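Colleague: turn this into a model:
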Amino acid sequence: MRGSVALAAYVLAARPLKAWGWEPAPGEELVPFLDPQPYDPKRPMLRWAQLSQWITDSKDLYEVSHYPKPTIDPGLKPADWKIEFTGYLKKPAVLSLADLMKRPQRTVTATLECGGNGSNPGFAGACGNLRWTGTPLGPVLRDLGLTKRSEEIVFYGADEKVEKIRDKDFPQHFARSLSREHALRDEVLLAWAHNGEPLLPIHGFPLRLVVPGWFGIAWVKWLNRVEVLDRRFMGKWMAREYVTLRGVPQEDPEATNWRETSVCNLCCKSVTARAVKRPNGEIRLSGAAWSDGTPLRSVQIRIDDGPWQPVVLEKKPVRGSEGRFTWSFWHFDWNSPSPGEHTVVSRAEDEDGRIQPAPDDPAIKNKVTYWEANQQWPRRFRVS
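Modeller: Numbers count the residues shown, from 1 in each chain. This is a model prediction of the structure:
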């Protein structure tokens, strides 16, 4: 019975979005937005207007790398890829991917988003919702023996570059870290597959870190080293880049406190992806919303200068908490659209009270870096 339920969930998730009312039915007409996204056709990216499945095809998942991609034989055998576990561990070890694959496996469905997604109209599809398969990281660390001084876990990729630090050149591997507490969470994986297939080379083949609820910068690709430290890790991609600089107003209107924070957990966010005109003249507006794993309290929509109205949040094609880190689809039926040009915008709110801000909200207006761009995204369309 359990297997049948899992199979049904898989089939439902892979079906076209007609199951959620997204795909135009006979007699319906797709209404194009007047502000189309200027995609680079050669770059993998989610095309919102062409979205056809709740699970994103790995070939459509965005790709961002900050160091030259390592050259890895696509025929590499799991026994030949080594991962060094070192630092404050009682039993440091070098494990192969084959060793990891012998351990208990888990598949987690999670939305992966670039920290800069939405920073400009041409970079608004840098996200996707995929199934990630690997072995949980926590049990591996526990088996290797964390010590009382084990505080920070650092993950290194095989990609590298010479960086200038304090006027001197140093070879650096791409690296990010998690706190001990976070690294031991059940959903954090050492993953070797997405959507049931081996990772694509651009997505970290043969092994990457999966950190559901965090921006993609933390999902280290081509993982080959894990180091346990007794103090905070302050590498380039933790402390100098992917750092949000935001002005925080003070009581004195002339004073501003400039605060820097590391880009880590996902923001609360929604997008309006599609408009469909039905034979009766009704317009169905559809979109997606997601957060860092905190359940969504609501998604609302505003047409032109009208009031905010609740949308219908679609049921996720997964069971219970399995959908915690995934996006949600939503729709809103506009019953009496008037002819002419209109603007539509959505906003999401999670159960912690985080509300997706408007572009003129201080959270966005006072942010001078482009990461964590979760401002509301107005779309324009015309009703004939």
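Colleague: just give me the longest strand of the protein.
Modeller: Counting residues, the longest strand in the chain under DSSP state E turns out to be strand 152-165.
Colleague: show me what the next helix or strand after it is packed against.
Modeller: The C-terminal neighbour of strand 152-165 among helices and strands, as given by DSSP states H and E, is strand 168-179. Using 3 or more C-beta pairs under 8 Å, 6 or more residues apart in numbering; DSSP states H and E as the contact criterion, the neighbours of strand 168-179 among helices and strands are strand 152-165. For every residue, glycine as well, the C-beta is placed using N, CA and C.
Colleague: neighbouring strands of the strand it packs on in the sheet, and parallel or not?
Modeller: Looking at strand 152-165 with DSSP bridges, its partner strands are strand 168-179 (antiparallel), strand 223-229 (antiparallel).
Colleague: thinking again about what came up before, buried ones in the longest strand of the chain, by neighbour count?
Modeller: By neighbour count, and taking 16 or more other C-beta atoms under 10 Å as the criterion, the buried residues in strand 152-165 are 152, 153, 154, 155, 156, 157, 158, 159, 160.
Colleague: got it, and stretch 175-182?
Modeller: For stretch 175-182, the buried set under the neighbour-count rule, 16+ other C-beta under 10 Å, comprises 175, 176, 177, 178, 180, 182.
Colleague: please work out how many residues are found near the nearest residue to residue 160 once chain neighbours are set aside.
Modeller: Sequence neighbours aside, residue 173 is the residue nearest to residue 160 in space, at 4.7 Å (criterion: C-beta to C-beta, 6 or more residues apart in numbering). Burial measure for residue 173: 18 neighbouring residues, criterion other C-beta atoms under 10 Å.
Colleague: so residue 173 touches residue 155, yeah?
Modeller: No - in this structure, residue 173 is not within contact of residue 155 by C-beta atoms under 8 Å, at 9.8 Å.
Colleague: what's the overlap in contacts for those two?
Modeller: Counting by C-beta atoms under 8 Å, 6 or more residues apart in numbering, the common neighbours of residue 173 and residue 155 are residue 225.
Colleague: can you pull the contacts of the closest residue to residue 101 other than its chain neighbours?
Modeller: Closest residue in space to residue 101, ignoring its immediate chain neighbours: residue 78 at 5.7 Å, by C-beta to C-beta, 6+ apart. By C-beta under 8 Å, 6+ apart, residue 78 lies in contact with 96, 97, 98, 101, 192, 206.
Colleague: just flag the most distant two among these.
Modeller: Distances among the contacts of residue 78 were taken as C-beta to C-beta; the most separated pair is 96 and 192, at 11.5 Å.
Colleague: which one of the two has more residues nearby?
Modeller: Shown here are residue 96 and residue 192; by other C-beta under 10 Å, residue 192 has more neighbours (23 against 15).
Colleague: tally of neighbours for residue 256?
Modeller: For residue 256, the tally of surrounding residues (other C-beta under 10 Å) stands at 13.
Colleague: swap in the one 5 residues further on?
Modeller: Here the count is done by other C-beta under 10 Å, and residue 261 has 12 residues near it.
Colleague: and residue 94, by the same measure?
Modeller: Using other C-beta under 10 Å, residue 94 has 12 neighbouring residues.
Colleague: again with the one 5 residues further on
Modeller: For residue 99, the tally of surrounding residues (other C-beta under 10 Å) stands at 16.
Colleague: could you do residue 257 as well?
Modeller: Under the neighbour criterion other C-beta under 10 Å, residue 257 is assigned a count of 9.
Colleague: would it count as being in a strand?
Modeller: Yes - counting by DSSP: H, G, I helix; E, B strand; the rest coil, residue 257 is part of a strand.
Colleague: which ones are touching it?
Modeller: Taking C-beta under 8 Å, 6+ apart as the criterion, residue 257 is in contact with 247, 248, 249, 250.
Colleague: now residue 172
Modeller: The contact partners of residue 172, taken as C-beta under 8 Å, 6+ apart, are 67, 160, 161, 162, 163, 235, 236.
Colleague: hey, what's residue 162 bridged with?
Modeller: Beta-bridge partners of residue 162, counted by DSSP bridges, are residue 171.
Colleague: return the residues in contact with the spatially closest residue to residue 103 that is not a sequence neighbour.
Modeller: Distances taken as C-beta to C-beta, 6+ apart put residue 135 closest to residue 103, at 4.3 Å, once the chain neighbours are dropped. Contacts were defined as C-beta under 8 Å, 6+ apart; by that measure residue 135 touches 100, 101, 103, 104, 105, 106, 189, 190.
Colleague: just residue 347 next, same as before
Modeller: When contacts are counted by C-beta under 8 Å, 6+ apart, residue 347 is found next to 270, 299, 300, 302, 308, 355, 356, 358, 376.
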